[in-house]
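Enquirer: Just need the structure, nothing else, for what follows:
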Amino acid sequence: MGAAGDMSMRCVLLALLTAAAAQPEGPRLISANVGIIQVDCCFNDTVVDHGQVVFNLPSKCLQLVCNYGKIIPRFLGDPGRSHCCEFDGLLYAEGAELAGHCVVMQCTRKGWIPRGDIDDCCKHCSVYDDPHFVTFDGYRYDWHGYCNYSVAQTDRTYNPEAGVFSDFEPCFGGPSCLGRSTFKDHKHTVISLGHSVFNLLVNGDPYAVPLVGAEPVRCSSKVHPVLAWRNGQCTMLLGSSKLMVQHCRHRLDVWAHPTHADNLDGLCGHFNFYDADDFTSRQGDVHPLEYLPSTFPHSWRTLDQTDYRCRQCKSCPPPRVERLCRADERQLAKYTSICEKHLGSVIDRTEGLEGYLETCVFDICMMYQDRRNDREVQDWLGILQKNVNMAHMIINLRLGE
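Expert: Next up is the predicted model:
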């Protein structure tokens, strides 16, 4: 490292240690067993335990650590190393990998970068268009309710440790479309996802997803254990909860690590590699699988309702399920031809995408029933093409490549 680099490092250390030294001495904790006086530290009006990291500076591979009442610097490797990465309070050297999640992240000079395929043991749930669902265990169904619902959460209470939740709003004169979504990694990290895909709210504070690489999300100078990065026109979030979320304008994808097996429920179904009990309600009842369910999804309505109409009746019966598309056979054949023309090239060459043709026909039917013109239908078909292309990429497990 040159003279300029040495000066920069000295300045960083001086500023941080001066600020730490200015804090009042913390309370003394005496251990009778070993006869050692352990002294906690004060940092930014907070008392921290001996041995706890109080500040990370990944660009300099530096941590400040509480050590018997004093805050001292600790480097990852030799002093002068740079370009480290941070996750969940730990520093990682350039080239190191963050494993144990649904995708391996590697530390580079540009920050964290996703590497390789999604873990085969992680299961995927998708919610798209108006809306159509594919559960973690692979069951496909439609449900067109309104209000805020739990997409996936770590238990059946109304205040789970972690989960993904979404608003479903009226659209096309009958069904519902994805609105605001929320990713709760844990009780101290709640991320709101809206129509502006790359502009999030972290605990209520604005946060913009970086243009290059992945980084931990921040709010009010606090770093949270969730990595965010851009994947095409979507935002990816990887949390310490071992849930991974992809947020797009008309699509939401959730991946669950196998450690969540038998402990994850919601509209994405009961995750346990077995689809027969996918329709498990919040009360623990298992409902029969059907393409247009009612009672099961209604049980996953949350208490966090932004629409006053959803707050007024917490015990209302489930919405009535009915056949929303009223097209005759001739009209359905016309809509099928339109969808095959726009989506067939991708669907035909990729196993597992056949359901997108059926949902496309439904969407077009609903739009024409809502008196939408041909231009609006063409615009929506463009959105459907993006969804099918994204599904194709997910099936090939090449996120971030």
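Enquirer: Could you list the domains of the chain?
Expert: Domain assignment for the chain, taken from automatic domain parsing, gives 23-82, 123-311, 329-395.
Enquirer: Mind telling me which of these the model trusts least?
Expert: Between the domains of the chain, the one with the least mean pLDDT is domain 23-82; it has a mean of 74.
Enquirer: Could I get the CA-only coordinates of the longest helix along the chain as PDB?
Expert: Secondary structure assigned by DSSP state H gives helix 374-395 as the longest helix of the chain. What follows is the C-alpha trace of helix 374-395 in PDB, where atoms were taken according to Å, rounded to 0.1, in the frame of the first residue of the first chain:
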ATOM      1  CA  ASP A 374     -56.600  -4.200 -28.500                       C
ATOM      2  CA  ARG A 375     -53.700  -1.900 -27.600                       C
ATOM      3  CA  GLU A 376     -54.100  -2.600 -23.900                       C
ATOM      4  CA  VAL A 377     -54.300  -6.300 -24.600                       C
ATOM      5  CA  GLN A 378     -51.100  -6.100 -26.600                       C
ATOM      6  CA  ASP A 379     -49.400  -4.300 -23.800                       C
ATOM      7  CA  TRP A 380     -50.500  -6.900 -21.300                       C
ATOM      8  CA  LEU A 381     -49.200  -9.700 -23.600                       C
ATOM      9  CA  GLY A 382     -45.800  -8.000 -23.500                       C
ATOM     10  CA  ILE A 383     -45.900  -8.300 -19.700                       C
ATOM     11  CA  LEU A 384     -46.900 -11.900 -20.000                       C
ATOM     12  CA  GLN A 385     -44.000 -12.600 -22.300                       C
ATOM     13  CA  LYS A 386     -41.600 -11.100 -19.700                       C
ATOM     14  CA  ASN A 387     -43.200 -13.400 -17.000                       C
ATOM     15  CA  VAL A 388     -42.800 -16.500 -19.200                       C
ATOM     16  CA  ASN A 389     -39.200 -15.600 -20.000                       C
ATOM     17  CA  MET A 390     -38.500 -15.200 -16.300                       C
ATOM     18  CA  ALA A 391     -40.100 -18.500 -15.600                       C
ATOM     19  CA  HIS A 392     -38.000 -20.100 -18.300                       C
ATOM     20  CA  MET A 393     -34.800 -18.600 -16.700                       C
ATOM     21  CA  ILE A 394     -35.900 -19.800 -13.200                       C
ATOM     22  CA  ILE A 395     -36.500 -23.300 -14.500                       C
END
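Enquirer: Number the chain from 149, please
Expert: With the count now opening at 149, the last piece we talked about shows up as helix 522-543.
Enquirer: And the contacts of that helix?
Expert: 266, 272, 274, 276-277, 380-382, 396-399, 401, 486-487, 490-491, 494-495, 498-501, 504, 508, 511-512, 515-516, 520, 547 (C-beta atoms under 8 Å, 6 or more residues apart in numbering). For the C-beta atoms, the positions are set from N, CA and C on the backbone; glycine is no exception.
Enquirer: Residue 201 against residue 212, yeah?
Expert: Yes. A contact is recorded between residue 201 and residue 212 when judged using C-beta atoms under 8 Å, the distance being 7.1 Å.
Enquirer: When those two are compared, which one has more neighbours?
Expert: Neighbours around residue 201 and residue 212, counted as other C-beta atoms under 10 Å, are more numerous at residue 212. The numbers are 22 against 14.
Enquirer: Report the beta-bridge partners for the more buried one.
Expert: In this structure, residue 212 has beta-bridge partners residue 203, residue 221, where bridges are defined by DSSP bridges.
Enquirer: doesn't residue 218 make contact with it?
Expert: No. Distance between residue 212 and residue 218: 10.3 Å, which falls outside the contact criterion (C-beta under 8 Å).
Enquirer: Mind listing the residues bridging to the spatially most central residue of the chain?
Expert: By C-alpha atoms, centre = their mean, the mean C-alpha position of the chain lies nearest to residue 393, the distance being 2.8 Å. Partner residues in beta bridges with residue 393, using DSSP bridges, are residue 385, residue 402.
Enquirer: What residues of stretch 488-507 count as buried?
Expert: For stretch 488-507, the buried set under the neighbour-count rule, 16 or more other C-beta atoms under 10 Å, comprises 490-491, 495, 498, 501, 504-505, 507.
Enquirer: just stretch 350-366 next, same as before
Expert: With burial defined by 16+ other C-beta under 10 Å, the residues of stretch 350-366 counted as buried are 350-351, 355, 357-358, 361-365.
Enquirer: what's the farthest-apart pair in the residues you listed?
Expert: Across the buried residues of stretch 350-366, the two members that end up farthest from each other (C-beta to C-beta) are 351 and 361, 22.5 Å apart.
Enquirer: Please dump the domains of the chain into a markdown table; it should also carry distance to residue 240 for every row.
Expert: A markdown table is the format used below for the domains of the chain (distance: least, C-beta to C-beta, whole Å):
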| stretch | distance to residue 240 |
| --- | --- |
| domain 171-230 | 8 |
| domain 271-459 | 12 |
| domain 477-543 | 27 |
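Enquirer: Would you point to the one among the ones you listed that's packed deepest?
Expert: Neighbour counts (mean count of other C-beta atoms under 10 Å) averaged over each of the domains of the chain peak at domain 271-459, with a mean of 19.
Enquirer: picking up where we left off before, among the contacts of helix 522-543, which lie within helices?
Expert: 486-487, 490-491, 494-495, 504, 508, 511-512, 515-516.
Enquirer: ok, those vs residue 406, which is closest?
Expert: Of all these, the one with the least separation from residue 406 (C-beta to C-beta) is residue 504, at 26.7 Å.
Enquirer: okay but that closest one is in contact with residue 491, surely?
Expert: Yes. In this structure, residue 504 sits in contact with residue 491. The criterion is C-beta under 8 Å, and the distance is 6.2 Å.
Enquirer: Show me the helices in the stretch 149-298 of the chain, by range?
Expert: Ranges of helices in the stretch 149-298 of the chain, per DSSP state H, counting those that start in this stretch, are 151-169.
Enquirer: Mind jotting down where the helices sit in the stretch 299-448 of the chain?
Expert: With DSSP H, counting those that start in this stretch as the criterion, the stretch 299-448 of the chain has helices spanning 443-446.
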